[in-house]
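Novice: Next input, structure requested:
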Amino acid sequence: MDILEELEKIPKQPEDLSTCDLLGFDTETTGLDYKKDSIISASLVLRDRQSGEDKVFNFLINPNTPIDPKASAVNGFTQEFVEKNGKNQKEEVEKIAEAILLAQKRGIPLVAYNAKFDVKMLKGDLEKVVRKDLAEKLSQIFVLDPLVMDRYLSRRPGKRNLESAMQWWGAAPRGGYHDAQVDTQAVLDLLCLILKAHPEIPYYAMEWQRDAYRKWAKGRNEWAENNGAFKVEEEWGL
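Specialist: Below you'll find the predicted structure:
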């Protein structure tokens, strides 16, 4: 099953977040710096909102980049394993980007938890394989980020990782966290719960999310100023 062929079959989606299909995205990487680190594994999950069916597309990539031991401890990948089993970096990151862009043409939003990180990692890899054209197009896509929504809507104390958000909104993962497929399906489940609880979120939610992020970042930075903590960027975007 090829993701591009599957996306070609899907008709243009309605402008309604309660019914439109969704494309979930998550990555595991060699580290946290999109300029020097790379994607090791990625998952794209196409959710049919009518049937609830998920079509899962997993990617294992030879990153041509050393894996940070801290990252390896979290995601379980070793250098030897990815060099032996990972596929060609250029071919795989191009396919991921092309799938995301084709989904956009069908009106299917991309869904990712802390989307800024995953999209920037993909853009960084596209730059490395000399596909700046695809990287630039990804800067303009329609993304739904449950992290931004959770921060703004729940106003809860404590951690803001995927596990804590799932617990707050009443969702359970379909396996262990820090597996790209498990995390991707979890993010889709989380988003659907948030949208059900907050139907006021508009279909074209990019500006809504930017405004929600600004409000959160302002409060976070005021707290950081008074507590000697690090400050966050005040604008959200890809």
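Novice: ok, the most centrally placed residue in the chain - contacts?
Specialist: Nearest to the mean C-alpha position of the chain, by CA atoms, centre = their mean, lies residue 112 at 2.5 Å. Listed by CB atoms under 8 Å, 6 or more residues apart in numbering, the contact set of residue 112 reads 24, 25, 26, 118, 119, 143, 145, 187. C-beta: built from backbone N, CA, C; applies to glycine.
Novice: Let me know the secondary structure of the third one.
Specialist: When the structure is split into helix, strand and coil by DSSP: H, G, I helix; E, B strand; the rest coil, residue 26 lands in strand.
Novice: For it, which residues are in contact?
Specialist: 42, 43, 112, 113, 118, 180, 181, 183, 184, 187.
Novice: tell me the SS of the last one?
Specialist: Following three-state DSSP, we place residue 187 in the helix state.
Novice: One more: the second one?
Specialist: For residue 43, the secondary-structure state derived from three-state DSSP is strand.
Novice: which non-adjacent residue is nearest it?
Specialist: Spatially, and ignoring its direct neighbours in sequence, residue 43 is nearest to residue 180 (3.8 Å; CB to CB, 6 or more residues apart in numbering).
Novice: Look up phi and psi at that neighbour.
Specialist: For residue 180, the backbone dihedrals (degrees, to the nearest 10) come out as phi -60, psi -40.
Novice: Next, the residue nearest to the centre of the chain: phi, psi?
Specialist: Here residue 112 shows phi and psi, under degrees, to the nearest 10, equal to phi -150, psi 140.
Novice: quick check: mean pLDDT across the longest helix anywhere in the chain?
Specialist: Longest helix of the chain, by residue count under DSSP state H: helix 206-227. Averaged across helix 206-227, the pLDDT comes to 93.
Novice: Stretch 6-18 now?
Specialist: 95.
Novice: Run through who's touching that stretch.
Specialist: 19-21, 46, 49, 55, 99, 102-103, 106-109, 144, 195-196, 199, 201-205.
Novice: just checking, which of those residues belong to helices?
Specialist: Short answer: the contacts of stretch 6-18 in helices (DSSP H) are 99, 102, 103, 195, 196.
Novice: Highest neighbour count among the residues you listed?
Specialist: Among the ones in helices among the contacts of stretch 6-18, the one with the most neighbours (other CB atoms under 10 Å) is residue 103, at 26 neighbours.
Novice: So for that residue, what's the nearest residue that isn't a sequence neighbour?
Specialist: residue 23 (4.5 Å).
Novice: That neighbour falls within a strand, correct?
Specialist: Yes - assessed with three-state DSSP, residue 23 lies in a strand.
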